[in-house]
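J.: predicted model and sequence follow; I will ask about them next.
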Amino acid sequence: MQHLPIRVLVVDDSDIIRRLLTEILNSDPGIVVVGAAADAFEAKALVNKLQPDVITLDVEMPEVDGIRFLEVLMKVRPTPVIMISTLTRSKADITLRALELGAVDYIAKPIVDDIAVFQRYSGTVINKVKMAAKSHVGHATKPPKAPAQLASRTNRVIAIGASTGGTEAIAHVLQQLPASHFAVVMTQHMPAGFTTTYADRLTRNTGFTVIEAQGGELVRPGYAYLAPGGYHMRVKRKGNELYTEVFDGEKVSGHKPSVDVLFDSVASEIGKFAMATLLTGMGKDGAQGLKKIQDSGGFTVAQDESTCVVFGMPRAAIELGAANAVVSLENIGETLIESLAPKSEN
């Protein structure tokens with residue numbers, strides 16, 4: 001059976017960027033650029049006329065910017081959108097806002113003065129468009145449940161891993177947890193410069209104080225420690241205390257930071273008291289690490305397909321048999337908490 005090509009609309013106020021993206025995407029036989037728009041008004045008309053499968057959208061455009069256009073689009077005709085942004089700290093908050101509104105992913109504006117870099121960029125753009133075409137957008141996420149109260153006074157560490165779609169998924173999980181009983185360590189695939197801004201947003205929107213880890217932080221309840229962009233993070237036990245370690249190194253499972261690096265350390269340092277959840281994301285990072293946590297006696301949860309933006313990482317974990325539970329996003333916190341309830345003896 002022959003699959004129809006993915007139909008893409010390119011929206012950018014720069015004629016050079018429009019032409020470059022069109023050339024890159026049309027170079028793949030599985031993709032066809034059906035239109036290009038220079039502003040939001042032209043884009044609106046082309047969306048209605050062409051009904052594209054995926055849209056690449058410039059964050060900064062004259063008159064009506066990409067964020068406002070995205071907000072309207074997701075209410076009227078939910079469509080997978082990849083934001084084209086300058087990946088700098090100053091633009092991080094805008095890009096994170098786009099993900100909050102429903103954009104699937106983001107990518108830097110193309111760099112053309114280095115052939116090798118441009119070729120890698122081209123491959124990334126093509127892969128992200130193909131991923132976006134398979135993503136779930138427009139499904140309503142139920143409001144997070146209020147944090148449940150624990151009967152036990154035991155404090156626990158929860159490890160979270162996520163990629164595409166994870167910025168909002170992580171926020172939902174944190175909102176479901178009583179911060180006074182949990183410390184959280186987490187890896188979200190994200191470039192350098194974004195994680196500081198993301199940590200600040202999570203602090204504002206959840207009950208946790210979220211810190212971009214620098215290494216050496218004591219892991220304690222009420223705090224969530226986020227792996228910094230471009231570095232790996234793991235946990236290390238010293239006596240009865242647990243600390244973060246941040247270090248450089250090769251990519252693991254295709255990523256830096258890597259979820260597998262964090263989960264492996266949680267399995268070895270926390271063992272049977274470990275708790276972990278693997279959320280939405282493309283690829284397999286975290287699947288092997290989740291299995292190690294399970295094998296060490298820890299409790300593991302994978303996000304289900306219906307609430308994932310991209311059902312890649314959780315699917316890989318489920319196929320390995322690494323998840324003790326597979327649940328919807330709105331039930332992950334409750335599932336983790338319920339796992340701590342004393343088991344009744346029959």
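T.: Good, I have the coordinates.

J.: all helices for this structure, in order.
T.: 15-26, 40-50, 66-76, 89-101, 115-133, 166-175, 195-205, 259-270, 287-295, 313-319, 332-338 (DSSP state H).

J.: nearest to Phe247, of the ones you listed?
T.: Phe247 lies closest to helix 259-270 among these, at 9.0 Å (C-beta to C-beta). C-beta coordinates here come from the backbone N, C-alpha and C atoms, glycine included.

J.: the closest one vs helix 166-175, what angle?
T.: 30 degrees (axes from the mean of the first three to the mean of the last three C-alpha atoms, to 10 degrees).

J.: would you turn the helices of the chain into CSV with mean pLDDT and distance to Glu60?
T.: Formatted as CSV, those follow (pLDDT from 0 to 100; distance: least, C-beta to C-beta, whole Å):
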stretch, mean pLDDT, distance to Glu60
helix 15-26, 93, 11
helix 40-50, 95, 11
helix 66-76, 94, 7
helix 89-101, 86, 8
helix 115-133, 89, 18
helix 166-175, 96, 20
helix 195-205, 95, 17
helix 259-270, 98, 31
helix 287-295, 98, 37
helix 313-319, 98, 31
helix 332-338, 95, 35
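
J.: could you dump these into CSV with distance to Ile158 and mean neighbour count added?
T.: Shown next, in CSV, are the helices of the chain (distance: least, C-beta to C-beta, whole Å; neighbours: other C-beta atoms under 10 Å):
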stretch, distance to Ile158, mean neighbour count
helix 15-26, 39, 17
helix 40-50, 40, 16
helix 66-76, 30, 18
helix 89-101, 22, 19
helix 115-133, 27, 16
helix 166-175, 8, 24
helix 195-205, 14, 19
helix 259-270, 9, 25
helix 287-295, 11, 23
helix 313-319, 16, 23
helix 332-338, 6, 21
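
J.: how about those, which one is nearest Leu4?
T.: Of all the helices of the chain, helix 115-133 comes closest under C-beta to C-beta, at 10.5 Å.

J.: quick check: Ser328 touching Ser306?
T.: Yes - using C-beta atoms under 8 Å, Ser328 is in contact with Ser306, at 6.4 Å.

J.: the more surrounded of those two?
T.: Neighbours were counted for Ser328 and for Ser306 using other C-beta atoms under 10 Å; Ser328 has more, 15 against 10.

J.: list the contacts for that one?
T.: By C-beta atoms under 8 Å, 6 or more residues apart in numbering, the residues touching Ser328 are 303-304, 306-307.

J.: taking the residues you listed one by one, which sit in strands?
T.: Gln303 (DSSP state E).

J.: going by neighbour count, which of the contacts of Ser328 comes out on top?
T.: Neighbour tally across the contacts of Ser328 (other C-beta under 10 Å): the maximum, 32 neighbours, falls on Gln303.

J.: I'd like to know how far that one sits from Phe311.
T.: As judged by C-beta to C-beta, to the nearest Å, Gln303 and Phe311 stand 8 Å apart.

J.: likewise Arg204?
T.: On the measure of C-beta to C-beta, Arg204 and Phe311 end up 29 Å apart.

J.: before we move on, what about Leu202?
T.: According to C-beta to C-beta, Leu202 stands 23 Å off from Phe311.

J.: repeat for Ala162
T.: 12 Å.

J.: right, and Ile160 touches Met186 too?
T.: Yes - with contacts counted by C-beta under 8 Å, Ile160 reaches Met186, the gap being 3.9 Å.

J.: can you give me the domain assignment for the chain?
T.: Following automatic domain parsing, one gets these domains for the chain: 6-133, 156-338.

J.: what about the stretch 101-250 of the chain, any weak spots by pLDDT?
T.: Applying pLDDT under 70 to the stretch 101-250 of the chain flags the ranges 112, 139-154.

J.: ok so, going back, what is in contact with Gln303 and Phe311 at once?
T.: Counting by C-beta under 8 Å, 6+ apart, the residues touching both Gln303 and Phe311 are Thr280.

J.: sorry, back to before: now the helices of the chain in TSV, with distance to Gly216?
T.: Below are these laid out as TSV (distance: least, C-beta to C-beta, whole Å):
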stretch	distance to Gly216
helix 15-26	42
helix 40-50	46
helix 66-76	37
helix 89-101	23
helix 115-133	33
helix 166-175	23
helix 195-205	16
helix 259-270	15
helix 287-295	22
helix 313-319	28
helix 332-338	27
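
J.: which of these sits closest to Ile82?
T.: Closest to Ile82 of the helices of the chain, according to C-beta to C-beta: helix 115-133, at 5.5 Å.
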